[in-house]
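# turn this into a structure:
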Amino acid sequence: MMRKIATAGLALACTLTFTVGASAESPAVQTAQKGGSGISWPADQALPSFAKVKQLEVADIYDLPGDAKIMLTTLEGIVNRAEPRLYVLESKEEGKFTWLNDLDVPYKVRDNYWDIVKTFKNEIKGVIVYDPNVPDSINVATTLAGLKDAVVASPGLAEKLAAAPYGLKILDDLRGKFKDRLDAYTWQYDNLWSQTTHRMLVGLSPDTSIRIPDGFPASFKTIAQDTTQERDAKNRKVYDLDLTPFLGKDAVFLRFDDAFPQDGWGTAVHEVTVKADGQEIARFVPGTPEEEPFLYDAQSSQLSTGSGGHRFADNGRYFVYKFPVPAGAKQLTASVDMWNQYKVSAGNEQPLSSEQKEPYGYLRDYAVANKAMVFWLDANVPEQRALFEKILSDVKPGTPYLGWFSNDVQGEFNSVEITSNHSVYVLAADWFSNMSVFSGTQLKAKLPAPAKTPKLENKIYVTYTFSEGDNFQYNEHRLRVLWDDPNRGKVPINWTSSPLLYDGAPAMLDHYLSTATPNDQLIAGPSGAGYFYPNAWPDNTFAPYLKQTNSYLKKTGMTIPYVLNRVDGQNVPLSEAKLNAYANEYRVPGLFLSWEDRYGVSIEGGKLPVSTIQGISTVQDGKRILDEAKAKWDGKSPLFVSLGLLAWSMTPSDVVALNGSLDSGSFSAVRADQYFALVRQANGLPAKP
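Residues are numbered from 1 along each chain as shown. You can find the predicted model right below:
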């Protein structure tokens, strides 16, 4: 997955005049951003700054249908381009009003969102209608909305917007224009790419699953559940399940969940056989054509070719099968070959399905405001990957890709490797809300003072690090929930975060810096200023990128990076060139390298401490690893253990519980800066790199 030879000369030339995200804009884009726009984007700045937020109109869109959400968020992008004046309430994970109240500006929540449309209708030049039959037309419509100062609407909403009192023109109607995804994005690339900004790329799914209410329909009952928290398939067998109590309607639904969602070893199913009155009505292995007629809701479950093929659902994921019942059936049974932490429920009421999709609004305000091209290409499909790489080849090294990728985990690994191959870094932001507002805020907090390094002793020094910090939406949502845990500050914790909050959401960075305790340390999420795989990034642009982005680490105090380094989906050691770049350009005292299943410290090149960080998802995981470390330790020299905490399943309260279970005479928990200072001292390295 190397850059094509034809682009090598360009890449070399870029290293001579390297600026973060710098790109030649079309004259039309330059004029627009210098004209009625309040957006400022100097060449050496990673992300644009918006005008200062003064007051806000607020629309609560949390419970609105998807077409209304996308209409209002594209409106937000047009309105906020000149000055942030519109804010939408899209999420309530951290509290609907949490960040809005932190902005400390006057705001008015409108009961009727159509009043907001009336307020700003004179700033809109028209409507772009998407094709409900081709979901990817939603993204093309979003791109057109940014270029034409328009809002995106479904055919139904477009009719209302065209009528009084709005009177908006239909500028483009995309119904019937595209036959499929590739057709839509090929047309977009050929006709719109030259008009959009080339300083950022935006990857968004055109739609998302409808929100499924918590809990199951009343008829659903748990009929089988693992109670031993198995992880190694020791409990694999064919389980015979009696579904007879659920007869009485046209179908029976069989749902598989993770019995212990906190640790990521959920149910795994190899084969399902269903019989009605002794006659076989279904038999399949997941992932085969025989499964398709019965798979009612795959949700975010995944397929694996291992163990003869199986479908699995970890953490909050699940999957549901639907089995039509023959008329007059008296008995129904299912035989399921499964293992690990299974939880099986059955019922006869048809539940809502995540297969039902609707548009969503997150990040579209930012894409529209900045006139970015929005697309959603699957790197695992050859034709789509070819177009994806063509787009990546058109931008300069150090360009950000905001959003995410399709095909879940495999899509992440492949796509981040591909973006890295093209010297492009990723900012996971497909669930980030109101970036066109937060980019108009300011950082006021001072950086915290360095922690005092404790005396080096023959102890086991452990440092705890929360993952996911590269993820902008994590900074907005889950991190705020974890940060508000009352037990934060009782144990030293490293919090990975994005240094690019400095541009994209200064108010969020300000909150974390100003409320940090002496036991909290912000460090740079994978793998520095942005998410990328170092070894996959071309050597000739890598060091210049680190050099240019080093200022973000310094300005935010996130001077220690947490690095992910994968090739072909596998963790690999950092190459000599990449190690030298981190040592010489970031001048780090040390860095964390994620490896999930091991820990240890090495001194690379005789000067750079690299601490391999082992991931854990439960307190039990951490206790087991640390107990094993103590059992193997001879007690004659200090031992260093770095644990990565899965942010989606662990909390500061869990860290307090884990740390409190340790022998204080043998263990000492420290922050990242203290940890590497002690590592350097123990290995005879100078205190500063």
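
# contacts, neighbours, all on C-alpha from now
Noted.

# part of a strand, is V601?
Yes. Assessed by DSSP: H, G, I helix; E, B strand; the rest coil, V601 belongs to a strand.

# out of the helices and strands in this structure, which is least certain?
Sorting the helices and strands of the chain by mean pLDDT, DSSP states H and E puts helix 8-16 at the bottom, at a mean of 29.

# mind checking how far G557 is from V481?
Separation of G557 from V481 (Cα to Cα, to the nearest Å) stands at 22 Å.

# is the spatially most central residue of the chain bridged to anything, and to what?
For the chain, A428 is the residue whose C-alpha lies nearest the centre (Cα atoms, centre = their mean; 4.4 Å). Assessed by DSSP bridges, A428 has beta-bridge partners G403.

# so it makes contact with E412?
No. Between A428 and E412 there is no contact under Cα atoms under 8 Å: 10.2 Å.

# secondary structure class for L658?
Per three-state DSSP, L658 ends up helix.

# so what's the closest residue in space to it that isn't next to it in sequence up against?
Leaving aside its sequence neighbours, L658 sits nearest to V619 (Cα to Cα, 6 or more residues apart in numbering; 5.5 Å). By Cα atoms under 8 Å, 6 or more residues apart in numbering, the residues touching V619 are 650, 654-655, 657-658.

# phi and psi next, for V619.
phi -60, psi -40 (degrees, to the nearest 10).

# tell me the pLDDT of E596.
pLDDT, E596: 82.

# what's the answer for the one 3 residues further on, then?
pLDDT recorded at Y599 is 96.

# how close does the residue nearest to L658 sit to Y166?
Applying Cα to Cα to V619 and Y166 gives a distance of 56 Å.

# again with V426
Where Y166 is concerned, V426 sits at a distance of 38 Å (Cα to Cα).

# between the two, which has more neighbouring residues?
V426 (27 against 17; other Cα atoms under 10 Å).

# SS state for that one?
Per three-state DSSP, V426 ends up strand.

# residues contacting it?
V426 makes contact with 400-404, 416, 419, 530-532 under the criterion Cα under 8 Å, 6+ apart.

# closest to T333 among these?
Closest to T333 out of those is W404 (41.0 Å), distances taken as Cα to Cα.

# and the closest one, what pLDDT?
At W404, pLDDT is 96.

# you'd agree it is up against Y362?
No. Counting by Cα under 8 Å, Y362 is not a contact partner of W404; they are 11.8 Å apart.

# who's more crowded, these two?
More neighbours surround Y362 than the other of W404 and Y362, with 25 against 22 (other Cα under 10 Å).

# what's near enough to touch that one?
73, 90, 430-434 are the contacts of Y362 under Cα under 8 Å, 6+ apart.

# and the pLDDT at it?
98.

# what's the spacing between it and Y464?
For Y362, the distance to Y464 equals 31 Å [Cα to Cα].

# which of the contacts of Y362 sits closest to A184?
Distance to A184, by Cα to Cα, is smallest for D430 among the contacts of Y362, at 20.1 Å.

# any idea how far W376 is from that closest one?
11 Å.

# now swap in L247 and tell me
L247 sits 42 Å away from W376, taking Cα to Cα as the criterion.

# those two: which has the busier surroundings?
A side-by-side neighbour count of L247 and W376, using other Cα under 10 Å, places W376 first with 21 against 17.

# does L247 touch N348 like I think?
Yes. L247 is within contact range of N348, at 7.1 Å (criterion: Cα under 8 Å).

# so for stretch 658-677, what's the average pLDDT?
Stretch 658-677 comes out at a mean pLDDT of 97.

# one step back: common neighbours of D430 and W376, please.
Common contact partners of D430 and W376 (Cα under 8 Å, 6+ apart): 203-204.

# any stretches of this protein with poor pLDDT?
In the predicted model of the chain, residues 1-35, 408-409 satisfy pLDDT under 70.

# re earlier: just flag the most distant two among the contacts of V426.
Farthest apart among these by Cα to Cα are G403 and F532. That separation is 13.8 Å.

# among the two, which residue is more densely surrounded?
F532 (29 against 26).

# before I go, just wanted to say thanks for your time.
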